[in-house]
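Enquirer: structure here, sequence nowhere to be found:
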């Protein structure tokens, strides 16, 4: 080790000399010291600088995506005459002629039927608009899937399962590359605009992580250290959620609870900073035009009552059931895609699903609009100025109407129509989302899940409201729901339902509640949200412990060692280590008796990542571990540069060269490639402990000894296979690189 | 290990038999199966049951404390004639004669001067009230310190440093006991009511942890497993903060960021549940009488502007400086208390500080009232109905006054008076808090820190407001602060200042912001709060890395391995392990050549916690580790119960007994006390790795080997001493048990 340190020091000095030489040519001494100072400062602050850059880029990208989606979603319905790049709202905003009531109908905004055949009403106009809607949707979806296929196959999906796996130590080359970043950003806009039942939130986490990867490659501190790079990625994930929802604290918690594997406190602070910068950048771009951070701002005017906990918990149960249904259905469908011929036609699949979605979605007003708008409307309380169909209540003409405090009223025709349409939309969303998530396009499931919950919740809310209005003498309502009181807020039910459904699918709890209340600004409703989230998690866990991300990790066979799984079996290290009984003995190197040729043969014949080094084959006492890569490199270098190294030169790992016969060739010293502190456990160590050590220390392999004698090796692969076996799964389904 | 498993199985069966035997006497078969079922269910759910119980008890205690403090604080000023156990507010609430304006002056509530000498105004009445105030304060403080001294010395302080240490694996017997719980609850009420500059929030965490310890001792799953018990304590800490502030999510984050050492996801969910139940219980008790969860509810009507970030960051700097000043001052004073004769008169110290506090506090209205009320008033925006001195602005008589949107106005006389009084109160609070925290009474520093920040913030806020009003043509104000606009909210500055000061002292970031916005319901102000919190942390960190809790841990020399400290020195395991060069060799046991007497002598002569077991003294190959406690027990049992065990019996740890001469006494098999999987590292392992392993795996010791040969041992103590040495601290200052 001493020698290794010296070697490191040498290398450091050499690198320093080289840099110094370069610098000396262009800078004078005094400038150099300033430069040194700036460099040392930059090094100390590079963590914060990387966070700042990630926040800025992620925020900017999210803002651009929001604006582009806004415009392209409206493009499916019509175009702005004054400037084609205006969305419907922007178009009518700039037109001065409109009043507040007519803000949706301004002359500058033309539906396709108006523009093409100059008709705004009637069956033919409707059909034309319908067709244009479908055409645009198909165009967008086709473009998206083609771009993904041709340029960046990794840009598909939500990316969260893969990022979880990457953060656990697995490397997927190119997954966080610049191409992926670019293509995912562009295609995300396309698929969201195409009206498919998917959200942009999960993919934004992937986009932010690509930013994180890009910026960390600029700083040597991060590009050379995988562990530190992963910390940056954890923080980037937080920034991603922060801009996806405008929820910085929720983002940090999401990264902590759902995405990250190892989350030290330093990462917490940095994530916090990145999330803050990202949210702030997004707010400056102001894509929602309301200078608020939050996506769905709501304000309710009435508190909730204890008796309402019952429907809230019911919504939690619904959320849990939806989570189970979605995970099972989606996984079954994805497995079918992987194993049958279906998987060979990804473009066709996307086209078909888009066409079905567009055809079914257009006639129903609740599925035609974008899902975010739908959720926003469902969350809203019915104020006095609300023109939505959902707020079509029958007003008592004798009652004065204060702006804020509208009592519960009987439902009007609009509400009943809305209920039917919502029910149909709910069934449609449930079915289509199962088929959409997992196609070869970027797709998140936060927004569709929330939409399902919000629809169910709003319906339950209206139901409870009408029940309370018509039966206010029932004992459950008597205490808090007198006639003329505003006691039930259906929007709150929608919010609780959305939280429950999101929780059922992802199994988040704390981060979910924080995101929900950052999202809606509704801090008073923490108890209902928590009750629904916990119920939903319990119900869903009863049917299967895996959340959607873990399920996809398993489906794809990523080598992910889940922190949440408890390993409770009573096996020992000796049961898991290689070689097993009857297998050939472990390939080891001896410290001073093998020739260069022996080692080269061993390297050629095996594909192990490294070899333990022992004193001799007889004593088998372990002295260290040599990486395959470093061995190959060292031998190659020695053969090229060192005098007298031939195939039968003895290789030695000790400090002093071994005593050799007089005429033997010059020996090769390889101590510097030897890791003198390999990780060891005894053969009697319970696997529970071994799994714990692998998880907490992020090991890739671990040697097994008994009284100092090397017995075998356990790799991460062996641990994962053993765990799969113990859980009665196929151990061969796990993928390795 | 096989044998060990069998042994465990045996023990389990035996225990089962015993229980079975007992049960059979009292229950029939069918009842038994139901009981079994309930028991298995209870076991599976015991985690949630413990959380529920902790939440219920912690919430109830917090509610009772709040009510008692309310009453006793008012008792210092007067008494309610209708029922002496009513607080001022309750007293006037029940009296029907009062209108809203006169709610502070109802005839049933009598000041001491009115009651005793029938005078409500005048100098003599003032002096009498003043004296009564001091007397009551002294009485409460004396009672508190005496109770702590006599019954539960551990009940003093905030308890958070000790809980951090306990959660890191150190055991302080009785620290979380029932007596501590009882006495801390009672004395907390007394000291808060006495008007000392301290808060109840930190001690409430201690109280909740005592509840957690109590309930976990009822379930064998937790009472027998230190690790699981610590998880319960982490969750209990979350419940404590949850009820202290009415901030359940902030509580969970506080436990994660500040208190806990090892925080698996399961604990996150459980903490969340406990915090929820606790908050809900507190809300049902409703001590603040407003059926809100939050302590200081505020509602601001104006957004904040970019230019305001500058004063917010200034407040962050102030918070950082205050943090540094407080920590340095308090630690210097506490060190003086520990090392000089001052520490011998704790009762006198409390009496003197209480007297000084009461004498100085009474004349100033901002220090006379309870600190929570003060913070609440400082946070408040000046509404139309506000009668506070701080809201004494000069109104423009020509302007109509809408209720919510009051424009910025010039300050009146009251505001200027208030500024002076606040400045005096600020200086007083800063000085007295440094001397108060650490006395032998329960004392938290959240509320005093927040008060310091809120006072500074409010003054800055009023300053900015007046500047903007009088100089609205300045370039910084021109864009957002036209005349007649309501652009600066001084209450928001108070909130930001409070967050900054709390952050400077505790170095919390994420949990702090979450607590602040749960506390105030002000979700819109997340960016100002974050900016201030991060600035304050940076500034304070520049002067010293330790927060107040770490500083107290160091001061008391608790063996706490901080997760936050990075160990970057290049020492190796061989530099730290015992024995050092020149020291006598390590005390080891051999596997089959020592007699019972040899071992007993070794145990008597040394005080190590355990001994490594090697094959023989020559080969020194490690086979396991035997705990001192288990060895003593096993030998004692064997001598009493096993035939033929005498002093010169050979002890063996192998499977098979060693070959012995024919006439030698019966050997003693001790394999079951041998831990066959001791943790080992090689002597070349960098200490950075060793420290990491100790932290992450929570080890107490680790053996050092080289090529399978035992070289030495590293204990947690050695690691801590080495770290202290490397940080140029006195390694002997660390306390061990």
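Expert: Structure's in. What do you need? Predicted model only: the values in this text are computed from it and were never measured.
Enquirer: just the helices in the stretch 351-500 of chain A please.
Expert: In order along the chain, the stretch 351-500 of chain A carries the following helices (DSSP state H, counting those that start in this stretch): A:365-368, A:371-379, A:413-436, A:446-470, A:475-478, A:490-506.
Enquirer: residue A:480 and residue A:305 touch, don't they?
Expert: Yes - taking contacts as Cβ atoms under 8 Å, residue A:480 lies within contact range of residue A:305: 4.6 Å. Placement of C-beta: from N, CA and C, glycine included.
Enquirer: what about those two, which has more around it?
Expert: residue A:480 (18 against 14; other Cβ atoms under 10 Å in any protein chain shown).
Enquirer: most tightly surrounded among the helices of the stretch 351-500 of chain A?
Expert: For the helices of the stretch 351-500 of chain A, ranked by mean neighbour count under the definition mean count of other Cβ atoms under 10 Å in any protein chain shown, the leader is helix A:490-506 at a mean of 32.
Enquirer: touching chain B at all, it?
Expert: No - using Cβ under 8 Å from any Cβ of the partner chain, no contact is recorded between helix A:490-506 and chain B, whose separation bottoms out at 11.2 Å.
Enquirer: what's the domain layout of chain A?
Expert: A:35-76+A:152-285, A:306-392+A:440-543, A:573-733 (automatic domain parsing).
Enquirer: with mean pLDDT and distance to residue B:125 added, can I get the ones you listed in TSV?
Expert: Conversion of those to TSV gives the following (pLDDT from 0 to 100; distance: least, Cβ to Cβ, whole Å):
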stretch	mean pLDDT	distance to residue B:125
domain A:35-76+A:152-285	87	51
domain A:306-392+A:440-543	86	44
domain A:573-733	85	67
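Enquirer: can you tell me which of those is most buried?
Expert: Counting by mean count of other Cβ under 10 Å, domain A:35-76+A:152-285 has the highest mean neighbour count of the domains of chain A, with a mean of 23.
Enquirer: from residue A:134, how far out is the nearest residue to residue A:677 once chain neighbours are set aside?
Expert: Nearest residue to residue A:677, sequence neighbours excluded (Cβ to Cβ, 6 or more residues apart in numbering or on different chains): residue B:685, at 3.6 Å. According to Cβ to Cβ, to the nearest Å, residue B:685 and residue A:134 sit 65 Å apart.
Enquirer: the most far-flung residue of chain A relative to its centre and residue A:593, how far apart?
Expert: In terms of distance from the mean C-alpha position of chain A, residue A:662 ranks first, at 63.6 Å (Cα atoms, centre = their mean). Note on residue A:662: its distance to residue A:593, by Cβ to Cβ, is 18 Å.
Enquirer: for the residue of chain A at minimum distance from chain B, list the residues it contacts.
Expert: Closest contact between chain A and chain B, by Cβ to the nearest Cβ, is at residue A:708 (1.7 Å). Contact partners of residue A:708, counting by Cβ atoms under 8 Å, 6 or more residues apart in numbering or on different chains, are A:621-622, B:621-622, B:705, B:707-709.
Enquirer: what's the closest of these to residue B:312?
Expert: When the contacts of residue A:708 are compared for distance to residue B:312 (Cβ to Cβ), residue B:705 wins out at 55.9 Å.
Enquirer: going along the chain, name the strands of the stretch 51-200 of chain A.
Expert: Shown for the stretch 51-200 of chain A, the strands assigned by DSSP state E, counting those that start in this stretch span residues A:78-80, A:109-111.
Enquirer: report how many residues lie close to the nearest residue to residue A:116 once chain neighbours are set aside.
Expert: Spatial nearest neighbour of residue A:116, excluding adjacent residues (Cβ to Cβ, 6+ apart): residue A:128 at 6.5 Å. Residue A:128 is surrounded by 19 other residues when neighbours are defined as other Cβ under 10 Å.
Enquirer: tell me the predicted confidence for residue A:128.
Expert: Reading off the confidence values, residue A:128 has pLDDT 90.
Enquirer: and what of residue A:295?
Expert: Reading off the confidence values, residue A:295 has pLDDT 64.
Enquirer: next: the one 3 residues further on.
Expert: Looking at residue A:298, its pLDDT stands at 72.
Enquirer: center of chain A - which residue?
Expert: By Cα atoms, centre = their mean, chain A has its centre lying nearest to residue A:160, at 2.7 Å.
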